[in-house]
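S.K.: sequence and predicted structure, then a few things I'm wondering about:
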Amino acid sequence: MKWNGWGYNDSKFIFNKKGQAEFTGKRYRLGGMVLPTFKEWIEKTFGASLEHKTTSRASLNVNDVPPPIVNEEFLQDLRATKISYSQDAEDRVFRAHGHCLHEIFVLREGMFKRIPDIVVWPVCHEDVVKIVELACKHNLCIIPFGGGTSVSSALECPEEEKRTIVSLDTSQMLSESGFCTGHEPDSMEFSSLGGWVATRASGMKKNIYGNIEDLVIHIKMVTPRGIVEKNCQVPRMSTGPDIHHFIMGSEGTLGVVTEVTIKIRPLPEYQKYGSVVFPNFERGVACLREVAKQRCAPASIRLVDNAQFQFGHALKPQVASIFTSFLDGLKKFYITKFKGFDPNILCVATLLFEGDREKVLQHEKQVYDIATKFGGLAAGEDNGQRGYMLTFVIAYLRDLGLDYYVIGESFETSVPWDRVLDLCRNVKERIVRECKEKGVQFAPFSTCRVTQTYDAGACVYFYFAFNYRGISDPIHVYEEIERAAREEILANGGSLSHHHGVGKLRKRWMKESISDVGLGMLRSVKEYVDPNNIFGNKNLL
Amino acid sequence: MVPHSLFVCSQQKELTSKKRDEFEDILEERRLSSDLRYAMKCYTPVIYKGLSPCKPNAIKSVVLQSEQVQYVIKQLAKEMGESPDIIQEEAMEILDEMGHSMQLGTVRFFAFTLSKIFKQLFQRVCVNEEGMQRLQRAIQEHPVVLLPSHRSYVDFLMLSYLLYTYDLALPVIAAGIDFLGMKIVGELLRRAGAFFMRRSFGGNRLYWAVFAEYVKTMLRNGYAPIEFFLEGTRSRTAKTLTPKFGLLSIVMEPFFKREVFDTYLVPISISYERILEESLYAYELLGVPKPKESTSGLLKARRILSDNFGTIHIYVGQPVSLRTLASGRINLCPYNLVPRHLPQKPTEDIQEFVSDVAYKMELLQIENMVLSPWVLVAAVLLQNLPAIDFELLIEKTVWLKGLTQAFGGFIEWPDNLCAKKAVMSGLTLHSNIARLVDGHVVLNDKGIEDGAVGEIVFKRALVILMCSTYRNQLLNVFVRPSLVALALQMTRSFRKEEVYSSFSFLRDIFSDEFIFFPGISLKDFEEGCFLLTKCDAIQTTQQEIYPTDKGSVVVSFLSAMFRSFVEGYQLIFRYLSKETKEAFTEKQFIPGVRSFVFQLLEKGTTQCYEALSSDMQKNALAALVQLGAVKKKKMSNGFSYSVNQEAIHKILDVFDARTPVQKPMAARL
């Protein structure tokens, strides 16, 4: 794994000797391929140039790392439990952050003020119970750590924390079997089950399998007050408010999730990608809304706006033969000239069907029929598949951008159907405007996609990036703009978060989001479960 | 509550750093080249970037099919037990009555005829070109709402003419339904982009829904700039009328609901050297009913074509971003919890905000109103009736010019004329109001010697009201320092808090007469004091305010400028204090107070002709309602009023300086 960026060490975007973009490694379908138009896209979109490069520190400088504060009595007790632990600087820094832009920036150029003092690796429920008991005995602060993919500053250590901070790494507590959960967040390769539960995660294929709250049957959590769980594994029960809902989304403020029983499904027999081109975003949204209304959404259905469509296009690998390139040209001609779609306005929906072969084909027809009613044209499997690949490699792209003065991030919201269009337009416009006001010299890349559909609305996902050359404090500017964008989302009737969670990044809007009393309800749970604030990551409340 | 810091700050700033654009005469080119070619020119206006183009009739069906209108139709159908089809039919009729049907052909027809007419009527039509350029940029960026001042029917014709000349998208204009009474002309206006609203439709839910949706649809689509008059009607006194909020809140709603990213409000100040309708207005104010709009009436008015109406100045103000105004002030959560197509009563916060914006826009209009030398002449003349020495008049006019500029007034002195020529040219243009006789300037109330007393009073009132129409253009520039001056005279004390109490009292009394930004009495007071200090009229210490020796001229001039209002209000209050009826309507009140004042004028016990003005009478009544001295009740056929005698007497006592103003707010000083 990279210590200062996303994902595996061997996988990254580079510019090869010919100045062409290339993705290294063999883990992804894109691996080893050359992306001939990508460089031009970056230059055009961001005004970035290969000549202007920043470089990250090559490795962690151990001397910068704050020394660990660990009391000897605790260490003795810990050794007695035989749970493995480490005070190594690299282990501690690795668990001091998630993947917010500012966190990665700190890794590249600075150092966190506060990091965990010790990392422990429990391997079973009993280990966790022992650690929490020790923490209570010695008054320590525990920060549970799963996959480290948080994008809400949830893993950052509170600077003012004077107690020993124990990072409790749960990532080794999983094992594999021959089924699937169907839960596939974009961070799936790296995030953990406990993390999914603690953050109320959502997966790409929620239309078939459901979000985490639909998948979970049973949860066991270790808290300073004791262990919380239900006494049976039933599909539903009416026993007052569901205690699972205190746990899901508690973001590590109450305890450590040690066991989760989750529904599993046989691996799907057949998978098929697909895509539809719409003349404009409005028609696309109307189509998705109709699909949602008819409740026939495939495993995944996403609608990307024009800017993101062009972005995806730029990641098209070099084609193998003249014949394919000829076919591509023909397709383009058909859509833009024959059907009259404006290439600077059209947008694309990507589809993923899963299940029995026969049912998939039937389902596919139903969806394409609806799309036709909204002016959509089927645009092939290949485009669909590339769309999904994009979500897994986009996090790698940020690291490339950082090398060339381009910073960016994604954020999400959920919104009722009738406000989707207005929200998308206004948030993008707000970003553009804020950039201008804050002195960003190049027009930002500000784009969105409707990424999940529900009966009552949709989840919208924004990418926002800009070239920060000429700005002295880019992270601060970035954060101010993101904050303005969030204000805009709220003013447009969107939610504070669909699945990224609150962490510390969005705490300031909690009261507005769930009312004073609502906040008080959550606080009183925290006070009962963890009166001494052992789980002191300061998220959420 | 968040104070109106945003509004207040900008006002203060503008006060000190006033930089205005230069004017261009657009008639000049019309006089040099062919009107026909101009009317047939290639017209390709810049349009809103998010425009979804559609025809006027398509808009109507979009409105009819909109969730908003359909919802109300279904509601009404349920309540009245009527079939929705019938109500839908009714909605369609409303739309047909209301909707514009802009056509380029008609626009070209107007471009041609208006060129001819305007060249006849006016010497020059001056426009700040930078304003037009700013407007052009604004139109492309966001939906635009044009908010011109309203002094004459010429206003909207002129504005559309102007936008055509500069190749900008022509506005759709909210016009009174009365225009439809004029055959042909009503239809012509419709084709030139006017849409028609009934005068009152508060109770008619279907009408309200259809109208609001019609306006909002045009705004959201960026179809065309929307133009309406904040003042609601033509000001008969040339004094800005207090704003109406209905249409403004309709055009602001798409932003509140985030259906548009932003909306630009553009204040436009149109000032006339001589108002086309000046004598009509005077008659109307005196209770001689205005002729109903009719085509034949218009044709009769042809003879004015031979008259000269001087110069028009149009100042297109800086577009104001609604988003900027609202930032940090409006909590939008209430809008998040109700589907946006349901009619929703605005919260108190929103209502207050709409009102603040309306006043801010009017203040911006006032700020850029051009004042001609004649306005100064009229102000001086009215303080020196029946006659003033010509040389003295010139001297005082020049003096007043300096004072006006010091107070931020926007004076255009034509071509750097010497004072004498400027005054002379004003007199020539307004020979129906005043003339030069034996080195003295006198009011032109010809035929005054003969006729009954009543007739003499009437004729005199007519000329004085016409003349005051011009002085009135100064009043909103002068009102803050003048009320301080008046307060100084009323209190007969120099203690700051007492002066402020009187100021505040006057400001409340005159709240419908002049334009004050709501709720900032103290700021207004400070501004008044600041301006008086600036021209050395007063000196202030921590506790006291007193006029300087040489300042007494200024102070007495300023208070004299507003004397007719003080006296007029006193007369009206006195009339009401003698009112014996339990309840009365406005229709009873106006003739009653008019004949009361008329008698006093005939007897010669008062010289306050302006108290005959129905405008002043209505404003005074409205102020009393706001102060709680008169109760206003909604009846089946309009409003009825009843007087609280005790309260009226108290107010009269304060005016007569028999009792000091008592106000706890003085403690804030």
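M.R.: Received, thanks. Remember, predicted model here, so these are calculated numbers, not experimental data. Residues are numbered from 1 along each chain as shown, chains lettered A, B, ... in the order given.

S.K.: how near is the residue nearest to A:D455 when sequence neighbours are not counted to B:I456?
M.R.: The shortest distance from A:D455 to any non-neighbouring residue, by CB to CB, 6 or more residues apart in numbering or on different chains, is to A:A292 (6.2 Å). Yep, even glycine has a C-beta here, placed from its N, CA and C like the rest. Distance of A:A292 to B:I456, given as CB to CB, to the nearest Å: 80 Å.

S.K.: before we move on, what SS does the residue nearest to A:D455 have?
M.R.: helix (DSSP: H, G, I helix; E, B strand; the rest coil).

S.K.: try the one 4 residues further on
M.R.: Following three-state DSSP, A:C296 is assigned to coil.

S.K.: just give me the neighbour total for it.
M.R.: Burial of A:C296 is recorded as 15 neighbouring residues (other CB atoms under 10 Å in any protein chain shown).

S.K.: quick one: contacts for it?
M.R.: A:363, A:366-367, A:370 (CB atoms under 8 Å, 6 or more residues apart in numbering or on different chains).

S.K.: how about B:P56, what does it touch?
M.R.: Contacts of B:P56 by CB under 8 Å, 6+ apart are B:99-102.

S.K.: chain B contacts on chain A?
M.R.: Neighbours of chain B within chain A, by CB under 8 Å from any CB of the partner chain: A:418-419, A:422-423, A:425-426, A:429-430, A:490-493, A:512.

S.K.: among these, which ones are buried?
M.R.: A:419, A:422-423, A:425-426, A:429-430, A:490-493 (16 or more other CB atoms under 10 Å in any protein chain shown).

S.K.: nearest to A:G249, of those residues?
M.R.: Nearest to A:G249 out of these is A:L490 (CB to CB; 18.5 Å).

S.K.: list the contacts for that closest one?
M.R.: A:496, A:509, A:512-513, B:332.

S.K.: what does A:V93 give?
M.R.: Applying CB under 8 Å, 6+ apart, the residues contacting A:V93 are A:3, A:60, A:65, A:107, A:112, A:115.

S.K.: next one: A:V427
M.R.: A:448, A:462, A:485, A:488-489, A:492.

S.K.: do that again at 7 Å, thanks
M.R.: A:462, A:485, A:488-489, A:492 (CB atoms under 7 Å, 6 or more residues apart in numbering or on different chains).

S.K.: would you list these in TSV and tack on pLDDT, distance to A:Q318 and secondary structure?
M.R.: Listed next are the contacts of A:V427 as TSV, based on pLDDT from 0 to 100; distance: CB to CB, whole Å; DSSP: H, G, I helix; E, B strand; the rest coil:
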residue	pLDDT	distance to A:Q318	secondary structure
A:F462	95	30	strand
A:A485	96	35	helix
A:E488	95	39	helix
A:I489	96	38	helix
A:N492	95	41	coil
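
S.K.: residue boundaries of the helices in the stretch 101-250 of chain A?
M.R.: Under the criterion DSSP state H, counting those that start in this stretch, helices of the stretch 101-250 of chain A are mapped to A:101-109, A:125-138, A:193-199, A:206-209, A:212-215, A:244-247.

S.K.: A:P144 contacts A:G252, doesn't it?
M.R.: Yes. Between A:P144 and A:G252 there is a contact at 4.5 Å, judged by CB atoms under 7 Å.

S.K.: hey, what's in contact with both of those two?
M.R.: A:A198.

S.K.: how close does A:N16 sit to B:V597?
M.R.: 94 Å.

S.K.: please say which of these two ends up with more neighbours.
M.R.: Applying other CB under 10 Å to A:N16 and B:V597 shows that B:V597 carries more neighbours, namely 26 against 10.

S.K.: what packs against the helix or strand containing the more buried one?
M.R.: B:V597 is part of helix B:586-603, with elements assigned from DSSP states H and E. Packing partners of helix B:586-603 (3 or more CB pairs under 7 Å, 6 or more residues apart in numbering or on different chains; DSSP states H and E): helix B:453-491, helix B:563-577, helix B:614-627.

S.K.: list the contacts of that helix.
M.R.: Contacts of helix B:586-603 (CB under 7 Å, 6+ apart): B:287, B:453-454, B:457, B:571-572, B:575, B:606, B:609, B:611-612, B:614, B:617, B:621, B:639, B:641.

S.K.: just the buried residues out of these, in ChimeraX syntax.
M.R.: Of the contacts of helix B:586-603, the buried ones go into a single ChimeraX selection, burial set by 16+ other CB under 10 Å:
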select /B:457,571,572,575,609,611,612,614,617,621,641
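
S.K.: nearest to A:H183 among the contacts of helix B:586-603?
M.R.: B:F639 (66.1 Å).

S.K.: now the closest one: phi and psi?
M.R.: phi -110, psi 150 (degrees, to the nearest 10).

S.K.: nearest to chain A: which residue in chain B?
M.R.: Residue nearest to chain A within chain B (CB to the nearest CB): B:N336, separated by 4.1 Å.

S.K.: could you report the distance from B:L206 to B:A91?
M.R.: B:L206 is 6 Å from B:A91, by CB to CB.

S.K.: and the helix or strand where B:L376 lies, what's buried?
M.R.: Assignment of secondary structure by DSSP H and E places B:L376 within helix B:373-382. Residues of helix B:373-382 classed as buried: B:373-382 (neighbour count, 16+ other CB under 10 Å).

S.K.: stretch B:626-635 too?
M.R.: Quick answer for stretch B:626-635 (16+ other CB under 10 Å): B:627, B:629-630.
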